[in-house]
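Asks: Structure here, sequence nowhere to be found:
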């Protein structure tokens, strides 16, 4: 009887040790969030909407130059963004290489987060107060080529980062941010057939008329 008890105890210890090992080696919890909407839907809820150029980065941070502000205020010419780390719902920093240009809808970091900073890995953290974070739970970024943007701009499928669309003028997006045009205008511009572009009114002329 005693031997069976010893066997049972040993098996229990082995099982507990195995569980502890699995728990220790388990990957960090993945991000889980609901889709908040396309860029046109989410930008009004953020603190800063700006056209930026990526200067460089380290860890999960990026330094960008603020080239044009569409919404909000920022007096610094360069700001720091904090992206994916741990289970934070943000895109990977590698998606934004140096020299690339974007229009970003950003949240300002206004308070410290428990365990958000580790002195041993200062370049991997939640972010510093006064910096910005970029969410991946919606269309919070658009790629900027020249004077036109592409991405999950308006009425695009959920989680689709590069939907098929006609590039839209940054000036038209700025007009939307000011409230001069509505989302239907953005949608029409994004669906425009490039082959018919020369047959339609010039967008810049249209913008001058609505001001």
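Replies: Yep, it's here. Just so it is clear, the model here is predicted, and its values are computed rather than measured.
Asks: switch to C-alpha atoms for all contacts and neighbour counts from now on
Replies: Fine.
Asks: Assign residue 136 to helix, strand or coil.
Replies: Judged by DSSP: H, G, I helix; E, B strand; the rest coil, the three-state class of residue 136 is coil.
Asks: residues near it, how many?
Replies: 22 (other CA atoms under 10 Å).
Asks: show me what contacts residue 110?
Replies: 129, 130 (CA atoms under 8 Å, 6 or more residues apart in numbering).
Asks: gap between it and residue 129?
Replies: 5 Å (CA to CA, to the nearest Å).
Asks: cool, residue 49 as well?
Replies: Residue 49 is 18 Å from residue 129, by CA to CA.
Asks: higher neighbour count, those two?
Replies: Counted by other CA under 10 Å, residue 49 and residue 129 do not tie: residue 49 has more neighbours, with 26 against 12.
Asks: name the element the more buried one belongs to?
Replies: Secondary structure from DSSP states H and E places residue 49 in strand 48-58.
Asks: And the helix or strand following that strand, what's buried?
Replies: Next in sequence after strand 48-58, counting helices and strands by DSSP H and E, comes strand 61-72. By 16 or more other CA atoms under 10 Å, the buried positions in strand 61-72 come out as 61, 62, 63, 64, 65, 66, 69, 70, 71.
Asks: got it, and stretch 46-55?
Replies: So stretch 46-55, judged by 16+ other CA under 10 Å, has buried residues 46, 47, 48, 49, 50, 51, 52, 53, 54, 55.
Asks: With distance to residue 171 as new columns, can the residues you listed be given to me in JSON lines?
Replies: Listed next are the buried residues of stretch 46-55 as JSON lines, based on distance: CA to CA, whole Å:
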{"residue": "46", "distance to residue 171": "19"}
{"residue": "47", "distance to residue 171": "20"}
{"residue": "48", "distance to residue 171": "17"}
{"residue": "49", "distance to residue 171": "13"}
{"residue": "50", "distance to residue 171": "12"}
{"residue": "51", "distance to residue 171": "11"}
{"residue": "52", "distance to residue 171": "15"}
{"residue": "53", "distance to residue 171": "17"}
{"residue": "54", "distance to residue 171": "21"}
{"residue": "55", "distance to residue 171": "23"}
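Asks: isn't there a helix covering residue 189?
Replies: Yes - assigned with three-state DSSP, residue 189 falls within a helix.
Asks: Contact partners for it?
Replies: Applying CA under 8 Å, 6+ apart, the residues contacting residue 189 are 166, 167, 168.
Asks: likewise residue 73?
Replies: 47, 48.
Asks: Quickly note the distance from it to residue 55.
Replies: From residue 73 over to residue 55 (counting by CA to CA), the distance is 20 Å.
Asks: can you check residue 92 too?
Replies: 16 Å.
Asks: likewise residue 115?
Replies: Residue 115 is 28 Å from residue 55, by CA to CA.
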